[in-house]
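**Q** here's my sequence, what's the structure:
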Amino acid sequence: MNALNVLWNSEENWRPGQVDRGMSYIKQRYGSPANALKFRNANKWY
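**A** Residues are numbered from 1 along each chain as shown. This is a model prediction of the structure:
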């Protein structure tokens, strides 16, 4: 869950409805929050 906190705290103005969509995006594109964080750290975006 730490990776997810890092990712989402780097964004501004998250609304509650965005959480489900954000989780779906991360799962589909990266498989896990940890993989999304690795990608973001390497590329400065996710």
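
**Q** strands of this structure, start to end?
**A** Remark: no strands are assigned in the chain by DSSP state E.

**Q** return the helix or strand in it with minimum mean pLDDT.
**A** Ranked by mean pLDDT, DSSP states H and E, the helix or strand of the chain with the weakest confidence is helix 2-9, at a mean of 79.

**Q** which strands and helices sit next to that helix?
**A** Counting contacts by 3 or more C-beta pairs under 8 Å, 6 or more residues apart in numbering; DSSP states H and E, helix 2-9 packs against helix 16-30, helix 33-43. Yep, even glycine has a C-beta here, placed from its N, CA and C like the rest.

**Q** switch those over to TSV; also include mean pLDDT and mean neighbour count.
**A** Output for the helices and strands packed on helix 2-9, formatted as TSV (pLDDT from 0 to 100; neighbours: other C-beta atoms under 10 Å):
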stretch	mean pLDDT	mean neighbour count
helix 16-30	89	12
helix 33-43	95	15
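
**Q** nearest to Ser10, of the ones you listed?
**A** helix 33-43 (7.7 Å; C-beta to C-beta).

**Q** how far off centre is the closest one?
**A** Relative to its chain's centre, helix 33-43 lies at 8 Å (C-alpha atoms, centre = their mean, to the nearest Å).

**Q** then stretch 10-19?
**A** 10 Å.

**Q** and it, end to end?
**A** 14 Å (C-alpha to C-alpha, to the nearest Å).

**Q** any chance of the helices and strands packed on helix 2-9 in JSON lines, with distance to Ser10 too?
**A** Putting the helices and strands packed on helix 2-9 into JSON lines (distance: least, C-beta to C-beta, whole Å) gives the following:
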{"stretch": "helix 16-30", "distance to Ser10": "12"}
{"stretch": "helix 33-43", "distance to Ser10": "8"}
